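Novice: Build the 3D model from these lines:
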Amino acid sequence: MVKLMANPMANKRLRILTWHVHGNYLYYLTQVPHTFYVLVDSARSAGYSGRSGQLPWGDNVVELPVEQARSTEFDCILFQSLKPYQIDQQLLLTPEQQRLPRIYLEHDPPREQPSDTRHPVDNANMLLVHVTHFNCLMWDNGRTPTRVIEHGVIVPENLHYAGTLPRGIAVINHLEQRGRRLGADIFAAARKQVAIDLVGMDSERSQGLGEISNLQLPAFMAHYRFYFHPVRWTSLGLAAIEAMMLGLPVVGLATTELATVIRDGESGFIDTRLDRLVVDMRRLIARPDEARQLGIEARKVARERFNIDRFINDWLAAFRAVTS
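Specialist: Down below sits the predicted model:
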């Protein structure tokens, strides 16, 4: 009988090099029990801001100055945006480091033709991870092996839905700048007919309330009657999942992955007709008990589908797959 050799990397605490692209996602990702080296430059520029923001980063998140990357040992490289993959790795890493096990984490669906856009990563020896099944479906992934790891989120256990404010809330960063893709026109039209508040970076430009810190946002959202998701075309927002985890019903466009998350009339309302959604939002404002019941169902979905333990296990499996 042939004796199989044990894989020395199977249970090893990996040293993973990555970039700071989406702060909330990186925080949830670093709940995985490996060591994450996050690159930082002197200007703390986009992608190189290290342990920035107000998130409670763990001890396994280590800031690494870019000039030290070549002399640091890693087990895996995790790319999260195009420039580090196409340009920066040649400037910052040795040829040997560039041959390490590598994962490209794609956060978004394609911006151009959804059915015919080839993903820029075209490498049979890498793993391409998508955050939603919809994104994976829309990209032409070419010869690159793919895997879907859906979001996992954490909200404080002591926070629960109150719904005392007869208003909706939307959480979108830079809505004015991102325009129709994120539903700026949809939000503006809806707000003329229903009481909805907007929070997020630069939301003041859209008559919003400004940015609420990551740590304060769950408690802030919990007072609202429902969460509004006016987005036409982007990935599934973490804030929408966090709202569900709190027990807020979600009202949104039946587009992208949200169409598989919200069951219309059971955990919220989804449609492609804004006039129908306006009726639904007014109904939730008038019927707080119904809003609460829909939110209970939304919370059940979120706890089953987007719990942090499942997310951690999925990422552990992905790292094992590329390093074995």
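
Novice: Chain neighbours aside, what residue packs nearest to Ala259?
Specialist: Taking Cβ to Cβ, 6 or more residues apart in numbering, and ignoring the residues beside it in sequence, Ala259 has Ile270 as its nearest neighbour in space, at 6.2 Å. Heads up, the C-betas are built off the backbone N, CA and C, glycines and all.

Novice: so which strand or helix has the one you found?
Specialist: strand 268-271 (DSSP states H and E).

Novice: swap in Asp314?
Specialist: Element membership for Asp314, per DSSP H and E: helix 308-323.

Novice: residues of that helix that come out buried?
Specialist: By neighbour count on 16 or more other Cβ atoms under 10 Å, the buried set for helix 308-323 is Ile308, Phe311, Ile312, Asp314, Trp315, Ala318, Phe319, Val322, Thr323.

Novice: Which strands or helices does that helix pack on?
Specialist: Helix 308-323 is packed against helix 23-29, strand 76-79, strand 102-106, strand 127-130, with contacts defined by 3 or more Cβ pairs under 8 Å, 6 or more residues apart in numbering; DSSP states H and E.

Novice: Let's test this: mean pLDDT of the first one, rounded?
Specialist: Confidence over helix 23-29 (mean pLDDT, whole number) is 96.

Novice: Grab the CA positions of the next helix or strand along the chain from it and hand them over as CSV.
Specialist: With elements assigned by DSSP H and E, the helix or strand that comes after helix 23-29 is strand 35-40. What follows is strand 35-40, C-alpha atoms only, in CSV (Å, rounded to 0.1, in the frame of the first residue of the first chain):
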residue,chain,number,x,y,z
THR,A,35,-0.9,36.4,9.0
PHE,A,36,-1.7,39.1,6.5
TYR,A,37,1.0,41.5,5.4
VAL,A,38,-0.7,44.6,4.1
LEU,A,39,1.6,46.9,2.1
VAL,A,40,2.0,50.5,3.0
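
Novice: Please list the outside residues in contact with strand 35-40.
Specialist: Residues outside strand 35-40 that contact it (Cβ atoms under 8 Å, 6 or more residues apart in numbering) are 13-20, 26, 29-30, 47-51, 60-66, 69, 72, 74, 92.

Novice: related to what we said a few turns ago, to the chain's geometric centre, what's the distance from the helix holding Asp314?
Specialist: Helix 308-323 sits 16 Å away from the centroid of its parent chain (Cα atoms, centre = their mean, to the nearest Å).

Novice: Then stretch 171-179?
Specialist: Relative to its chain's centre, stretch 171-179 lies at 16 Å (Cα atoms, centre = their mean).

Novice: want to throw the helices and strands packed on helix 308-323 into JSON lines with mean neighbour count and distance to Leu253?
Specialist: Output for those, formatted as JSON lines (neighbours: other Cβ atoms under 10 Å; distance: least, Cβ to Cβ, whole Å):
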{"stretch": "helix 23-29", "mean neighbour count": "20", "distance to Leu253": "22"}
{"stretch": "strand 76-79", "mean neighbour count": "24", "distance to Leu253": "30"}
{"stretch": "strand 102-106", "mean neighbour count": "23", "distance to Leu253": "22"}
{"stretch": "strand 127-130", "mean neighbour count": "22", "distance to Leu253": "20"}
